[in-house]
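**Student:** Provided below are the primary sequence and the corresponding predicted coordinates.
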Amino acid sequence: MATFRRVAGIGFINLAIVVLLFALLEGAASILFVVHEIFSTPSVPEHQHAEHDAVLGWVNLPNVDLPDFYGPGVGLRTNSQRFRSAHEFTRAVPAGKTRVVCSGDSFTFGYGVANDEAWCARLTTLDPRLETVNMGLGGYGVDQAYLWYRRDGTRLDHQLQLLGVLTDDFNRMRSDRFMGYGKPLLAVRGDSLVVTNLPVPRTSWLERRRALHGEAIARLGVVRLSRRLLGLDDEPEPGRAALANERLRPVVSHILADLRRLNDAKRSRLVVLYLPGAWDYRSDRATDAWRGFMRAEAERQGITFIDLVEELRRVPPSDVDGLFAPNLHFSAAGNAWAAETLHRRLTPLLDSLRTDTTAHPARS
């Protein structure tokens, strides 16, 4: 009996050692895979052509020239004014031109395509009388697009501002961080729009990596166990997102009102352009809710509203995939489609602006 107990005890100890070694190997392997994912995945590409900005969070570097940035022959250039362009813009609109300022995020910037393939630039191939200024930038929310236009876009005379928005742009407005980068935060106090988190703080490499690879880190068993023990895996309370939207909408309303005021001062027209992501081809509740709000708000404030989500849903299913690249942004074909569809919708407005400019030349 004693011999059996001794053998059983040794067997139990050996089994425990094997289990412990397996657990250590499993944990080490899990950590190695996560570490490899973190260090092998490149940072967001904007860090190669943008820098920290104390007001906007980040903004394009001036005079960038990256010939093969998105692939062989698919380059990116910025001018000294930090706009995506190979040439400079004078303050006054050149004779015979109608200048259009395009504000927005990476869909406006033209993520993944060359300068002249972005929809903003393609407008000039459809109508050589146009001069377009690309003020889109990756990761921007409606708040940053507004602040950049207010600071730098208003330095240029122009006849039209296109504010390109996607549903994600509103979500980005909820926080003073995006993918680990600091950004301004807008709020309504009383009847005024105020900007907080200024100057926008710089963030460390570690903070940005943690934000970029949060999902990978969350897969670690020790992280999951800690969150469970601390009660951090609870479902969010019902109605939380709706409440956030209710607080966000007055901010958006004030932004549109100020953009309308700024454009009026420049003798320019403001157009709100709702751009689609591939996920918007079929009905998306968040997108449809924001589209409805923006349409109603634009109508209330006398602002032109153009909905390309509606236009996308008219495209045959067999043609939709070609409009979007694997990176989920417009492909070159998608940018061409957006420019052609937009130009068709803009033509009556452009004709009226040209008539008005001829009758009442803008002061330079």
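**Tutor:** Nice, I can see it. Being a predicted model, the structure only gives us computed values, none of them experimental. Numbers count the residues shown, from 1 in each chain.

**Student:** CA atoms for contacts and neighbours, from now on please.
**Tutor:** Fine.

**Student:** and the strands in the stretch 251-364 of the chain?
**Tutor:** Counting by DSSP state E, counting those that start in this stretch, residue ranges of the strands within the stretch 251-364 of the chain are 269-274, 304-307.

**Student:** same question for the first one, mean pLDDT?
**Tutor:** For strand 269-274, mean pLDDT rounds to 98.

**Student:** out of the strands of the stretch 251-364 of the chain, nearest to Asp169?
**Tutor:** Taking C-alpha to C-alpha, strand 269-274 is the member of the strands of the stretch 251-364 of the chain nearest to Asp169, at 10.7 Å.

**Student:** each with direction, which strands does the closest one pair with?
**Tutor:** When sheet partners are counted by DSSP bridges, strand 269-274 sits next to strand 160-165 (parallel), strand 304-307 (parallel).

**Student:** any chance of these in TSV, plus distance to Gly139 and mean neighbour count?
**Tutor:** TSV is the format used below for these (distance: least, C-alpha to C-alpha, whole Å; neighbours: other C-alpha atoms under 10 Å):
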stretch	distance to Gly139	mean neighbour count
strand 160-165	12	24
strand 304-307	21	19
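
**Student:** so what's Ser106 closest to, chain neighbours aside?
**Tutor:** Gly138 (3.9 Å; C-alpha to C-alpha, 6 or more residues apart in numbering).

**Student:** the one you found reaches Ser103, doesn't it?
**Tutor:** No. Gly138 lies out of contact with Ser103 (C-alpha atoms under 8 Å); the separation is 11.2 Å.

**Student:** which one's more surrounded, these two?
**Tutor:** Using other C-alpha atoms under 10 Å, the more surrounded residue of Gly138 and Ser103 is Ser103, with 30 against 21.

**Student:** which SSE is the more buried one in?
**Tutor:** Using DSSP states H and E, Ser103 falls within strand 98-104.

**Student:** what's the answer for Ala187, then?
**Tutor:** Ala187 belongs to strand 185-189 when assigned by DSSP H and E.

**Student:** so in that sheet, which strands flank that strand, and in what orientation?
**Tutor:** Sheet neighbours of strand 185-189, with direction, are listed as strand 192-196 (antiparallel) (DSSP bridges).

**Student:** gap between the partner strand and the chain center?
**Tutor:** Counting by C-alpha atoms, centre = their mean, to the nearest Å, strand 192-196 is centred 21 Å from the centre of its parent chain.

**Student:** buried residues, it. List them.
**Tutor:** Within strand 192-196, the residues that count as buried by 16 or more other C-alpha atoms under 10 Å are Leu193.

**Student:** thought Ala278 was touching Phe324?
**Tutor:** Yes. Under the criterion of C-alpha under 8 Å, Ala278 makes contact with Phe324 at 6.6 Å.

**Student:** sketch out the low-pLDDT regions of the protein for me.
**Tutor:** Confidence mapping of the chain against pLDDT under 70 gives the ranges 1-5, 7-9, 11-12, 14-16, 18-44, 205-243, 357-364.

**Student:** count the neighbours of Glu246 for me.
**Tutor:** Using other C-alpha under 10 Å, Glu246 has 11 other residues around it.

**Student:** please enumerate the strands of the stretch 101-250 of the chain.
**Tutor:** For the stretch 101-250 of the chain, the strands identified by DSSP E, counting those that start in this stretch occupy 130-136, 160-165, 177-178, 181-182, 185-189, 192-196, in order along the chain.

**Student:** please convert the strands paired with strand 269-274 to a markdown table, extending it with distance to Trp58.
**Tutor:** Below are the strands paired with strand 269-274 laid out as a markdown table (distance: least, C-alpha to C-alpha, whole Å):
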| stretch | distance to Trp58 |
| --- | --- |
| strand 160-165 | 18 |
| strand 304-307 | 28 |
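
**Student:** my guess is Arg354 contacts Ala95. True?
**Tutor:** No. Look at Arg354 against Ala95 with C-alpha under 8 Å: they stay out of range, at 11.7 Å.
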